[in-house]
Each structure stands twice: as structure tokens, then as C-alpha cells.
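A.B. asks: Next come a sequence and a model predicted from it.
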Amino acid sequence: MFSKSQGFTLIELMISLVLGLLISAAVMQVYLINTRTLTVQQSASEVQDSAIFALQGVEDHIRIANLGNPITNITDETSHGGIVLSTTNLGANNATDSANFTNSAGSVGWVGLSNMENVDSDQLTIQYKNITESSLFDCEGTEVASGTDDWIVERYFIRADSAADDLVLACDAGRVTDAGVVTENFGGNGTIITPGVDQFQALLGVQTDIDNLTYLPASIYVQLTEKPSITTVKLGFVIRSSTPLISTEDKINFTVLGKEQSLTADATREKFYRRSYESTILLRNARVMSVTGL
């Protein structure tokens, strides 16, 4: 005799298939959400690391600009002034190309690389001498022994990086004698400070009177007939992650030092986590004394 066996009906198989597909879709959705969240967190962490560690190092170097200079009033005519705007700042016999000075949009012959639409990046060049009792290290990591006679000059700027196929913040360091003679290479590609920097801007803070501090781009400052002393530097950055976001477009509009800027139209650039950062740095070795009568 044959035993009677039962199987699944076509309807039951179809229901099982639909339920399986629904469960699989739910699992995939959870996976995608978790992956997106992970990439956003990782990207935010990369940007945060750049802002906290790399840029903090830049701030520390800028803060000691004009160290070792007995002249505390910094202008474009100050011998070995902490903010380098002219050959006079580097010494009487200096012939450095102006492209290596502090420059901004509008500076003669200056074009700063940027991923922002129609807005050039700036360049900041500083100078100091190690008169401390300890060794210092320039922005490229070279030791500067205590009491070294030469002045250290550092140039912060944006350049292209072929390895990353994007823009980076770099620093180029050199040495200058009291007479203004460059003793070590200055004006090269420098060392990468942090990758993924779409914009870099620097404003010079000047004390226009006893109560007011005004921030000016370098191109405007050098055109003033009477130049007030520089006491502060304000920096602005747009930094992006190295990890791309998954199927998510991030911000493309930013406020940098009070001005609205937009990312250059490029679909490949839009899928990265970006944030703008600003920092105001008081130059320790630049003081303006105001004497008032009673």
C-alpha cells in the first residue's frame, strides 16, 4: 500500500517567499542604516581630529610669531616682523619672491588654490627666533636649538596632493639670517599638515584705536597709507573627511570668517563630511601700548 504524504501548496510557497523577501529587505535596510551611521561617525571623527590636533599645532606656532624680536609693533616695515608681508620683514638684503609672503585674494600675482566657488585661499607666513631655554620644532618637524642665530620662517598654504587627488594644508619652513639671507630652502612644497582642506583664510587683526580691533585681509592691509600694528590673526578653514559618505550628500554651503561660500560644483566632492572652523589667535609677542593722559 502507498502512504499518503502532504506537501506545501503553491499559495503557502508564495507566502513563504514573500515573507522571506520582506525579512531580507528589513535586514538589508538595518545594515545600510548602520553602515551610513558608521561612515558619518568615522568621517566626523576624521574632521574632528584634523581640527583638534593638526590645527591646534598650527595655532601654537602662529601664537609665537615675532618671538625674539625686540620690536613689538608688527607692520610690513618691521625688521624680522612676526607676520611676513614684505622683504623688509625678512631683512634688509632679502630678495624672497612675494609669492612666499602672507597673501590673500587681491594680492598682486597671488592665486590661492581652493575648492570653494570663486574664492581663493589665503597664505600666512610667520617668523620667529628661538630665544627660549628649550629646543623648538618648526612646522616641518626640524629641531630648532635654543639660542639659534637664524630666524625661522614658516609659510602655511593650500596645495594639491597628487596621492590624495585633492587639496591639503601644507607648511614650508626655512631659515633667514639677521641680514635677510635665506640659509635653507624656502619656497618649496613643504610638509602636509592636514589632508582634505577645501579652504584656508587668514585675517590680520589690527588695533585701529584704543577700543576697536579690525580684521583685514593681507591685500587690504598692505594698501593702507598708515598701517596699524598687527596683534591678532584670525583663521578660517573648511575641512573634509577622507572617508566618503554612502549615498548621502553633505553640506555644500559654509560660512568662513563671516562670508558665505559654496563648494565648487562637482558630484564627486559632495559626498564627503565637511565642516568649517574658525580660530582667533593673539600674538604673544606683539603688543600695542596706548598711553592716555588724565
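C.D. replies: Right, received. Where do you want to start?

A.B. asks: Pretty sure Leu22 sits in a strand.
C.D. replies: No. According to DSSP: H, G, I helix; E, B strand; the rest coil, Leu22 belongs to no strand; its state is helix.

A.B. asks: Per-residue pLDDT of it, please?
C.D. replies: Model confidence at Leu22, given as pLDDT, is 79.

A.B. asks: dump the residue contacts of it.
C.D. replies: Shown in contact with Leu22 (C-beta atoms under 8 Å, 6 or more residues apart in numbering): no residues. The C-beta positions use only the backbone N, C-alpha and C, and glycine is treated the same way.

A.B. asks: Same check on Ser114?
C.D. replies: Asp120, Ser121, Ile158, Leu167, Asp198, Gln199, Phe200.

A.B. asks: How much space separates Ala170 from Thr88?
C.D. replies: Separation of Ala170 from Thr88 (C-beta to C-beta, to the nearest Å) stands at 25 Å.

A.B. asks: of the two, who's got more company?
C.D. replies: Ala170 (24 against 17; other C-beta atoms under 10 Å).

A.B. asks: and that one, what helix or strand is that in?
C.D. replies: For Ala170, the enclosing helix or strand under DSSP states H and E is strand 166-176.

A.B. asks: Please report the distance of the closest residue in space to Lys227 that isn't next to it in sequence from Asp266.
C.D. replies: Spatial nearest neighbour of Lys227, chain neighbours left out: Thr75 (4.6 Å); criterion: C-beta to C-beta, 6 or more residues apart in numbering. Counting by C-beta to C-beta, the separation of Thr75 from Asp266 is 40 Å.

A.B. asks: So for those two, which residue has more residues nearby?
C.D. replies: Neighbours were tallied for Thr75 and for Asp266 using other C-beta under 10 Å; the higher tally belongs to Thr75 (21 against 9).

A.B. asks: State the distance from the more buried one to Arg155.
C.D. replies: 19 Å.

A.B. asks: which residues sit in contact with Arg155?
C.D. replies: Contact analysis of Arg155 by C-beta under 8 Å, 6+ apart lists Asn100, Gln123, Leu124, Thr125, Cys171, Asp172, Ala173, Phe186, Gly187, Gly190.

A.B. asks: mind showing which ranges of the stretch 151-294 of the chain have poor pLDDT?
C.D. replies: The model of the stretch 151-294 of the chain has pLDDT under 70 over residues 164, 210, 247-249, 267-268, 270, 288-294.

A.B. asks: For it, just list every one of the helices.
C.D. replies: Assigned by DSSP state H, counting those that start in this stretch, the helices in the stretch 151-294 of the chain fall at 218-221.

A.B. asks: And the strands in it?
C.D. replies: In the stretch 151-294 of the chain, the strands defined using DSSP state E, counting those that start in this stretch lie at 151-161, 166-176, 191-195, 197-207, 213-216, 230-244, 253-256, 259-262, 272-282.

A.B. asks: Determine the angle, from 0 to 180 degrees, between the longest one and strand 272-282.
C.D. replies: Here strand 230-244 points in a direction 160 degrees away from that of strand 272-282 (axes from the mean of the first three to the mean of the last three C-alpha atoms, to 10 degrees).

A.B. asks: Same check on the first one?
C.D. replies: Comparing the axes of strand 151-161 and strand 272-282 via the same axes, to 10 degrees yields an angle of 160 degrees.

A.B. asks: For strand 151-161, buried residues please.
C.D. replies: Neighbour counts using 16 or more other C-beta atoms under 10 Å place Trp151, Ile152, Val153, Glu154, Arg155, Tyr156, Phe157, Ile158, Arg159 of strand 151-161 among the buried residues.

A.B. asks: Which residue ranges of the stretch 1-150 of the chain form helices?
C.D. replies: Here the stretch 1-150 of the chain has its helices, by DSSP H, counting those that start in this stretch, at 10-49, 55-63, 87-90.

A.B. asks: on that earlier part again, just curious, which of the buried residues of strand 151-161 is nearest to Asn212?
C.D. replies: Nearest to Asn212 among the buried residues of strand 151-161 is Tyr156, at 27.0 Å by C-beta to C-beta.

A.B. asks: Now that closest one: closest residue in space, sequence neighbours ignored.
C.D. replies: Nearest residue to Tyr156 in three dimensions, chain neighbours excluded: Leu124, at 4.7 Å (C-beta to C-beta, 6+ apart).

A.B. asks: Count the neighbours of the one you found for me.
C.D. replies: Applying other C-beta under 10 Å, we find 26 residues neighbouring Leu124.

A.B. asks: From what I see, it and Lys234 are in contact.
C.D. replies: No. Leu124 is beyond contact range of Lys234, at 10.5 Å (criterion: C-beta atoms under 8 Å).

A.B. asks: residues bridging contact with the two, i.e. touching both?
C.D. replies: Ala202.
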